[in-house]
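1. quick check, what structure comes out for this input:
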Amino acid sequence: MSAAWDVFYRQMIPLEGYKKVLEGLGNTALIAIVGLLIGMVIGCLLATCKILPKSSFAVKLLSGFSDFYVAIFRGTPMVVQLLLIHFVLLPIMGVQIPIILEAILAFGLNSGAYVSEIMRGGILSVDIGQTEAGRALGLNYGQTMLRIVLPQAIKNVVPTLGNEFIALLKETSVVSFITVVDLTKAFQNIANSTYEYIIPYIVLALVYLVLVLAVTGVIKLIERRLRAGDRR
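-> Down below sits the predicted model:
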């Protein structure tokens with residue numbers, strides 16, 4: 001085992017393998033963070049469409065589109081969506097963008113489906129009296145949702161959004177299918193170059209574990225801050 005550690009250390013430090021690991025860490029964080037932000041925007045829009053009063057054909061159409069969107073992205077694996085965007089949709093549309101942006105787009109679209117259900121539950125958890133109070137103050141439906149309901153809904157679903165971010169962070173391991181260098185790809189390259197797989201993959205698992213524990217700690221801190229704000 002000591003010989004395996006020596007090989008790994010030589011690849012990481014003298015041969016500067018750590019540079020690829022840092023690049024992979026940056027790409028992993030970028031894809032997960034921006035993907036979640038895109039997902040939150042899409043999710044809020046989809047959730048709003050699904051809870052709008054079905055008073056017109058246009059609203060029913062938007063609600064139906066939201067259901068279809070969620071069914072597609074929740075019903076197919078992330079890696080399949082990534083491959084379809086990279087090899088099918090973008091080439092058909094004649095669009096060429098950096099592969100890191102392709103990965104961010106795929107993860108953002110996928111996250112939007114899950115966040116929409118999270119936000120829908122959060123919006124429905126806000127007391128109806130909050131909406132009625134907003135309307136009584138002269139705000140229209142959109143203003144009431146944006147200024148009163150959505151902020152409270154986001155506060156209610158912070159733990160669940162944290163779980164979604166952790167899921168995105170771990171799922172970024174599939175972006176190597178389109179040659180994006182993430183954490184998994186960086187350690188995989190080290191393992192392939194040394195033919196020593198045990199140590200690189202153990203260290204990779206530990207890195208993901210540390211990242212998830214760090215994110216979990218941040219989420220708990222945010223929850224405490226929000227609870228403290230509610231008590232004031």
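
2. which element, helix or strand, includes the residue nearest to Trp5 when sequence neighbours are not counted?
-> Nearest residue to Trp5, sequence neighbours excluded (C-beta to C-beta, 6 or more residues apart in numbering): Ile199, at 6.0 Å. Placement of C-beta: from N, CA and C, glycine included. Assigned by DSSP states H and E, Ile199 belongs to helix 198-231.

3. any weak-confidence spans in the protein?
-> Where the chain drops to pLDDT under 70, the residues are 1, 228-232.

4. in it, which residue is closest to the centre?
-> Leu36 (3.5 Å; C-alpha atoms, centre = their mean).

5. so what's that one closest to, chain neighbours aside?
-> Sequence neighbours aside, Phe165 is the residue nearest to Leu36 in space, at 5.1 Å (criterion: C-beta to C-beta, 6+ apart).

6. need the contact list for that neighbour.
-> Applying C-beta atoms under 8 Å, 6 or more residues apart in numbering, we find Phe165 in contact with 32-33, 36, 215.

7. inside helices: which ones of those?
-> Counted as lying in helices by DSSP state H, out of the contacts of Phe165, are 32-33, 36, 215.

8. Glu132: neighbour count?
-> By other C-beta atoms under 10 Å, 11 other residues sit near Glu132.

9. now swap in Phe87 and tell me
-> Phe87, neighbours per other C-beta under 10 Å, totals 12.

10. now the residue nearest to Trp5: how far from Tyr69?
-> 43 Å (C-beta to C-beta, to the nearest Å).

11. so the residue nearest to Trp5 sits against Asp6, correct?
-> No - using C-beta atoms under 8 Å, Ile199 is not in contact with Asp6; the gap is 9.7 Å.

12. between the two, tell me which one has more neighbours.
-> Between Ile199 and Asp6, counted using other C-beta under 10 Å, Ile199 has the larger neighbour count: 21 against 12.

13. which residues touch that one?
-> Counted by C-beta under 8 Å, 6+ apart, Ile199 has contacts 4-5, 7-8.
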